[in-house]
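Engineer: Quick one: sequence and predicted model below, then my questions.
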Amino acid sequence: MDRIEKREFVAELSSVFAETSMVVVTRNAGMTVAEVTALRRKMREAGVSFKVAKNRLALLALDGTRFDGIGPLLKGPTALAWSQDPVAVAKVAVDFAKTNDKFVLLGGSLGSQVLNADGVKALSELPSLDALRAKILGLLNAPATKVAGVLQAPAGQLARVFAAYADSQKSEAA
């Protein structure tokens, strides 16, 4: 990498840190190309970005951002994973670490809150953002459905009473 490429890389990583909500730091020493390809595929499917970064350049990009607390984790062969959905990045990283001994979680940062590996694992056990949205919509929709049912019931009963009254009037007239 020449100086221009390094500056562009630092600027790109800085913009990522400004926009994302969660960054996970991993160590992937000794992984084969096939394993890294499988990891990248899983990350991409979950909407997570994954990049192997030179630690010195990553530290320059972290400087002055809310993620600068993960700086001490950047030692040795590390890679960064990030996403707007904090649970998604944690889930993919933890799930892949369970199946591959060479992929190690070092920690991460949820905004300015620095997490150790156990914190990332705990975050991965939470429901995803989409699942939480679905639950909230279900909770909001259920009372409206019940209210509509309650409001329709008296009208139906009233209609049946009128129909019975009309039938009784017809039978009296005949």
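Structural biologist: Looks like it came in fine. Keep in mind that this is a model prediction, so the values were computed, not measured.
Engineer: where in this protein is pLDDT low?
Structural biologist: The chain contains residues with pLDDT under 70 at 142, 144-156, 158, 173-174.
Engineer: any idea how the chain splits into domains?
Structural biologist: With domains defined by automatic domain parsing, the chain comprises 3-126, 127-174.
Engineer: Let's have these in a markdown table, adding mean neighbour count.
Structural biologist: In this view, the C-beta of every residue, glycine as well, is placed from N, C-alpha and C. Converted to a markdown table, these look like this (neighbours: other C-beta atoms under 10 Å):
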| stretch | mean neighbour count |
| --- | --- |
| domain 3-126 | 17 |
| domain 127-174 | 10 |
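Engineer: which residue is nearest the centroid of the chain?
Structural biologist: Centroid-nearest residue in the chain: Asp85, 2.9 Å away (criterion: C-alpha atoms, centre = their mean).
Engineer: what residues are up against the closest residue to it other than its chain neighbours?
Structural biologist: Distance criterion C-beta to C-beta, 6 or more residues apart in numbering; nearest residue to Asp85, sequence neighbours excluded, is Leu129 at 4.7 Å. Contacts for Leu129 (C-beta atoms under 8 Å, 6 or more residues apart in numbering) come out as Asp85, Val87, Ala88.
Engineer: and with 10 Å instead?
Structural biologist: Ser21, Ser83, Gln84, Asp85, Pro86, Val87, Ala88 (C-beta atoms under 10 Å, 6 or more residues apart in numbering).
Engineer: Likewise for Thr32?
Structural biologist: For Thr32, the contacting residues are Ala38, Asn100, Lys102, by C-beta under 10 Å, 6+ apart.
Engineer: and those residues, which of them are in helices?
Structural biologist: For the contacts of Thr32, membership in helices holds for Ala38, with DSSP state H as the criterion.
Engineer: Including distance to Leu59, could the contacts of Thr32 go into TSV?
Structural biologist: Output for those, formatted as TSV (distance: C-beta to C-beta, whole Å):
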residue	distance to Leu59
Ala38	28
Asn100	26
Lys102	24
